[in-house]
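Novice: okay, predicted coordinates and the sequence, questions at the end:
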2 protein chains.
Amino acid sequence: MQVKNYIQSNKERFLEELFSLIRIPSVSAKHEYKQEMQLCAQRWAEVLISSGVDKACVMPAAGNPVVYAEKLIAPEAPTVLVYGHYDVMPPEPLELWKSNPFEPLVRDGRIWARGADDDKGQAMTQVKGFETALNLGLLRCNVKFIIEGEEEIGSPSLESFCRQHKELLKADVIVVSDTSMISREIPSLTTGLRGLAYWEVELTGPNRDLHSGHFGGAVANPIHTLCKLLAGMTDADGRITLPGFYDDVEDVSPAERAMIARIPFDEAGYKASIGVDELFGEKGYATLERNSCRPAFDICGIWGGYTGEGAKTILPSKAYAKVSCRLVPHQNHKKIEALFADHLSRIAPASVKVKVTALHGGQGYVCPIDLPAYKAAEKAMGIAFGTTPLAVRRGGSIPIISSFEEILGIKTVLMGFGLEQNAIHSPNESFPLDFFYKGIETVAGFYKEYR
Amino acid sequence: MQVKNYIQSNKERFLEELFSLIRIPSVSAKHEYKQEMQLCAQRWAEVLISSGVDKACVMPAAGNPVVYAEKLIAPEAPTVLVYGHYDVMPPEPLELWKSNPFEPLVRDGRIWARGADDDKGQAMTQVKGFETALNLGLLRCNVKFIIEGEEEIGSPSLESFCRQHKELLKADVIVVSDTSMISREIPSLTTGLRGLAYWEVELTGPNRDLHSGHFGGAVANPIHTLCKLLAGMTDADGRITLPGFYDDVEDVSPAERAMIARIPFDEAGYKASIGVDELFGEKGYATLERNSCRPAFDICGIWGGYTGEGAKTILPSKAYAKVSCRLVPHQNHKKIEALFADHLSRIAPASVKVKVTALHGGQGYVCPIDLPAYKAAEKAMGIAFGTTPLAVRRGGSIPIISSFEEILGIKTVLMGFGLEQNAIHSPNESFPLDFFYKGIETVAGFYKEYR
């Protein structure tokens, strides 16, 4: 009750502190936001200090700076390391936003803004939950925070930062709020994540755009060649054709498949919510398996030739695509990256030149459900949301989670408060206000339980 | 000799008049150039008047205005109708131009600018050749000019303009300079053109860009679906798979194939000039057949999803392509347009919605080589270029040429002075200065011959 009361008394301030972070357009994918990254990191340090940490600082890293903070209560107490990220996805296409992505507002019980959920809103549940537990005298452990600025571009500098600051980051468990629940009615904790491999493909045909009347029929069209190469990456059954791709994919156990089958899934509602008449994926697997514990191939972007108004009759010189694979635990993203680049170069016809650049990648992850921190999170979430959360694998990737395990030797509990309909990475991202506060309540409850 | 002398005495002025036209960026594909279209039409009328026509006017049309001019010397004399176009292709990509596309300059014996060849430079050879013949007293026929402003977008208003002004446009033959020769060493006259069908394809998958981690594997990716649909439009032998596509394609006669085989073709030089290691096209046909008397399928542009810097992990909502077919005589572009739209809608999976918009099209054309005007052109070009031109089919499309035949009942002689390396429709378009003047000489010689 005291937790709920504290949150109720401070809810306007919590929201204003979150808004002050959202208003800084910390888009890591674009160089022009370099200065905003620094400003956003500094603002996080201020927010952490006002939340009660002993110290907070903006630490230099190879790329965008990392915010570090700590509250150490006793050397013998266990230590929780909270991870979050202050960078956000690009807001484009801007014309589809109903309001300014960097001017947050509350409408229909939701916060609307880029980063409202991913990850400013969610990371704030950690900070304000910590503040609540601290101020109510519930905290029984040491707490450290790292908030990085490159998660959306694959955390290229965080691994070296971790290697460099192993002692500083020493902890018993890592806690992260950057994942989603099954639904508003079915709270869940994420116990598995997919890995990722992401490439940019550049095909060059003729050395300039050619007149399609004079050359069409005689010279291979690089866009068409790219279409043929990418079309062949999956077969009619939705299986990825890249030779060797499935070598390290673990068969999902019958027990786990049975558990997935118990998760309520409304296919008609799912299709309606995203506006498609038919789903498509790997044959032999259910939708909830296809998007969580099976790998996937996607084309995230494609471009080439004339894309303006009207009709320009050219046989273009160049064609490009951004291509990704979601990977499952045991698949090595570096191996897959190399397989794809080699394969594409090998199967491309001599009529084009192929360049494949790996843009980012990371490993999948599995969290054991008997971990004390998992049990504490499960109990706290059950109290805040009114029902015990399910343990589920999710399809997204947080590549750094598996790196934490590898470099720091620490397991992570994924205590996420997102929902599918929050449209993270899309226009009109949002975060339900009640989830923001229930998230804070869960985190405060976690600190009450965990010791 | 008198023709050469007249051209020599006026060559600087001819060039300056051409430059005054090039400096007006008359890009028909983009609405923002509406005013420049009007200015360019007016400038053509001024140039025609100063070249000796009785009258020249800018006539309203459904789209951009049409410039009309005439010099009527005797009612009983035959009449030549000269057709050209004052609009140009968009200059993009601008960063590849070595100089401003709309600030013409002479370098290495060439005029460099958008429209230097297509079609401002070539149309000026007609106007200045006419001026030369007129001022030297060589003209034996009436001459009419129409210069339109929508050729590069498929002449959408010219057919109705022709139907509306049938009497005004009455003539015995149409003459057009808007095609290319085989090479600098091998002058040629174009006796066949390909038709064109051009579509924009829009695929819609989910109603918004989705997070590829949460949805990848469960929802069809519309870019990937577009790749699969377009990849299948040709088979491994380079044949177009659209059912019914080849129904009306005339088999090229053994005699014509033998004539094509006599045209010198340096495959290594051709490949080197466009920077490709291997050519590709329909099996069973030579390169010069594939790009002239056989149809072709091309993707002129493609776009969708995230195309900015870095890696954005989305499963996009939309995918687009600009797709075209070059057609051969007897293929009906409207029939092909409908075939493609129907076929794509039929084969697309239920996971996407397909929208196909026909952007422009036109019929192919064949010119008989025993036409008196053809004979006059052949002789005049032989004198100016030092060798009798070959009669050849070309792969480009001037859809209005077949419409002239259909609506006005008049055949066209294609008296083009372009060269492949002039890079029309591409960055760094150019036109050799000597061809500009030899073109003028040919046209003056044509008027000397034709009666």
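Specialist: Structure received. Numbers count the residues shown, from 1 in each chain, chains lettered A, B, ... in the order given.

Novice: what is the subsequent helix or strand relative to the one helix or strand residue A:57 maps to?
Specialist: Using DSSP states H and E, residue A:57 maps to strand A:55-59. Per DSSP H and E, the first helix or strand lying C-terminal to strand A:55-59 is strand A:66-71.

Novice: so what touches that next one?
Specialist: Residues outside strand A:66-71 that contact it (CB atoms under 8 Å, 6 or more residues apart in numbering or on different chains): A:41, A:44-45, A:48-49, A:52-59, A:86, A:130, A:134, A:139, A:142-149, A:157-158, A:161, A:165, A:168. All C-beta atoms are positioned from the backbone trio N, CA, C, and that covers glycine.

Novice: give me the buried entries from those.
Specialist: Buried members of those, counted by 16 or more other CB atoms under 10 Å in any protein chain shown: A:41, A:44-45, A:48, A:52-53, A:56, A:58-59, A:86, A:130, A:134, A:139, A:142-149, A:157-158, A:161, A:165.

Novice: for residue A:396, give me its contacts.
Specialist: Each residue near residue A:396 by CB under 8 Å, 6+ apart is listed here: A:179-180, A:193-194, B:211, B:213-214.

Novice: likewise residue A:29?
Specialist: Listed by CB under 8 Å, 6+ apart, the contact partners of residue A:29 are A:89-90, A:152-153, B:308-312.

Novice: I figured residue A:292 hits residue A:260, correct?
Specialist: Yes - using CB atoms under 8 Å, residue A:292 is in contact with residue A:260, at 7.3 Å.

Novice: now do the shared contacts for the two.
Specialist: With CB under 8 Å, 6+ apart as the test, residue A:292 and residue A:260 both reach A:392-393.

Novice: and those two? Which one has more around it.
Specialist: residue A:292 (28 against 19; other CB atoms under 10 Å in any protein chain shown).

Novice: just to be sure, the more buried one is in a helix?
Specialist: No - counting by DSSP: H, G, I helix; E, B strand; the rest coil, residue A:292 is not part of a helix but coil.

Novice: any idea how far residue A:263 is from it?
Specialist: Look at residue A:292 and residue A:263: by CB to CB, to the nearest Å, they are 10 Å apart.

Novice: who touches both of the two?
Specialist: In terms of CB under 8 Å, 6+ apart, residue A:292 and residue A:263 are both contacted by the residues residue A:392.

Novice: which strands and helices sit next to the strand holding residue A:57?
Specialist: helix A:34-50, strand A:66-71 (3 or more CB pairs under 8 Å, 6 or more residues apart in numbering or on different chains; DSSP states H and E).

Novice: that one pairs with which strands?
Specialist: For strand A:55-59, the paired strands and their directions (DSSP bridges) read strand A:66-71 (antiparallel).

Novice: I'd like the distance from the strand holding residue A:57 to the chain centre, please.
Specialist: In this view, strand A:55-59 has its centroid 24 Å away from the chain centroid, taken as CA atoms, centre = their mean, to the nearest Å.

Novice: okay, angle between it and helix A:34-50 too, please.
Specialist: Strand A:55-59 runs at 170 degrees relative to helix A:34-50, counting by axes from the mean of the first three to the mean of the last three CA atoms, to 10 degrees.

Novice: what lies in contact with the longest helix along chain A?
Specialist: Secondary structure of chain A read by DSSP state H shows that its longest helix is helix A:2-22. Contacts of helix A:2-22 from elsewhere in the structure, counted by CB under 8 Å, 6+ apart, are A:40, A:43-44, A:47, A:50, A:86, A:102, A:104, A:106, A:111, A:113-116, A:120-121, A:124, A:128, A:132-133, A:135-136, A:138, A:433, A:436-437, A:440-441, A:444-445, A:448.

Novice: which bits of the stretch 101-250 of chain A sit near chain B?
Specialist: Residues of the stretch 101-250 of chain A lying close to chain B (CB under 8 Å from any CB of the partner chain) are A:152-154, A:180, A:194, A:196, A:198, A:200, A:205-221, A:223-224, A:226-228, A:230-234.

Novice: for the stretch 51-200 of chain A, just list every one of the strands.
Specialist: A:55-59, A:66-71, A:79-85, A:105-107, A:110-112, A:142-148, A:173-176, A:188-193, A:195-204 (DSSP state E, counting those that start in this stretch).

Novice: which of the ones you listed has the lowest mean pLDDT?
Specialist: Least confidently modelled of these is strand A:188-193, at a mean of 92 by mean pLDDT.

Novice: who touches that one?
Specialist: Here strand A:188-193 has contacts from A:179-182, A:292-293, A:329, A:364-369, A:374, A:377-378, A:381, A:389-394, A:396-398, A:401-402, A:413-416, using CB under 8 Å, 6+ apart.

Novice: so, low pLDDT: which residues of chain A?
Specialist: Within chain A, not a single segment meets pLDDT under 70.

Novice: show me how it divides into domains.
Specialist: Per automatic domain parsing, the structural domains of chain A span A:2-193+A:364-449, A:195-249+A:295-362.

Novice: I'd like to know how many residues surround the residue lying closest to residue A:443 once chain neighbours are set aside.
Specialist: Residue nearest to residue A:443 in three dimensions, not counting chain neighbours: residue A:129, with 2.3 Å by CB to CB, 6 or more residues apart in numbering or on different chains. Per other CB under 10 Å, the neighbour tally for residue A:129 reads 28.

Novice: residue A:129 reaches residue A:437, doesn't it?
Specialist: No - Residue A:129 lies out of contact with residue A:437 (CB under 8 Å); the separation is 10.1 Å.

Novice: check the stretch 351-451 of chain A for the residue nearest chain B and tell me.
Specialist: Relative to chain B, the nearest point of the stretch 351-451 of chain A is residue A:396 (3.0 Å; CB to the nearest CB).

Novice: in a strand, that's where that residue is, yeah?
Specialist: No - using three-state DSSP, the assignment for residue A:396 is coil, not a strand.

Novice: host element of residue A:270?
Specialist: helix A:267-274.

Novice: distance from that helix to the middle of the chain?
Specialist: 22 Å.

Novice: residues contacting it, please?
Specialist: Applying CB under 8 Å, 6+ apart, the contact partners of helix A:267-274 are A:277-279, A:287, A:420-421, B:206-208, B:210, B:215, B:219.

Novice: now, which of the residues you listed sits nearest residue B:252?
Specialist: Ranked by distance to residue B:252 (CB to CB), the contacts of helix A:267-274 are led by residue A:278 at 43.6 Å.

Novice: kindly indicate whether the closest one is helix, strand or coil.
Specialist: coil.

Novice: now it: phi and psi?
Specialist: As for residue A:278, its main-chain torsions (degrees, to the nearest 10) stand at phi -150, psi 140.

Novice: what about the residue nearest to it when sequence neighbours are not counted, how many neighbours?
Specialist: Take residue A:278 and drop its neighbours on the chain: the residue closest to it by CB to CB, 6+ apart is residue B:350, 3.8 Å away. Neighbour count for residue B:350, taken as other CB under 10 Å: 11.

Novice: tell me how far residue B:350 lies from residue A:276.
Specialist: Taking CB to CB as the measure, residue B:350 falls 8 Å from residue A:276.

Novice: cool, residue A:324 as well?
Specialist: For residue A:324, the distance to residue A:276 - CB to CB - is 20 Å.

Novice: what about those two, which has more around it?
Specialist: residue A:324 (28 against 24).

Novice: before we move on, back to that, report the separation between the residue nearest to residue A:443 and residue A:272.
Specialist: Residue A:129 is 34 Å from residue A:272, by CB to CB.

Novice: how about whichever residue of the stretch 1-150 of chain A sits closest to chain B: what's its closest non-neighbour residue?
Specialist: Per CB to the nearest CB, residue A:29 is where the stretch 1-150 of chain A lies closest to chain B, at 3.6 Å. In this structure, residue A:29 finds its nearest non-sequential neighbour in residue B:310, 3.6 Å apart by CB to CB, 6+ apart.

Novice: surely the residue nearest to residue A:278 touches residue A:277?
Specialist: Yes - the pair residue B:350 / residue A:277 is scored as a contact, 4.8 Å apart, by CB under 8 Å.

Novice: thank you kindly, that will do.
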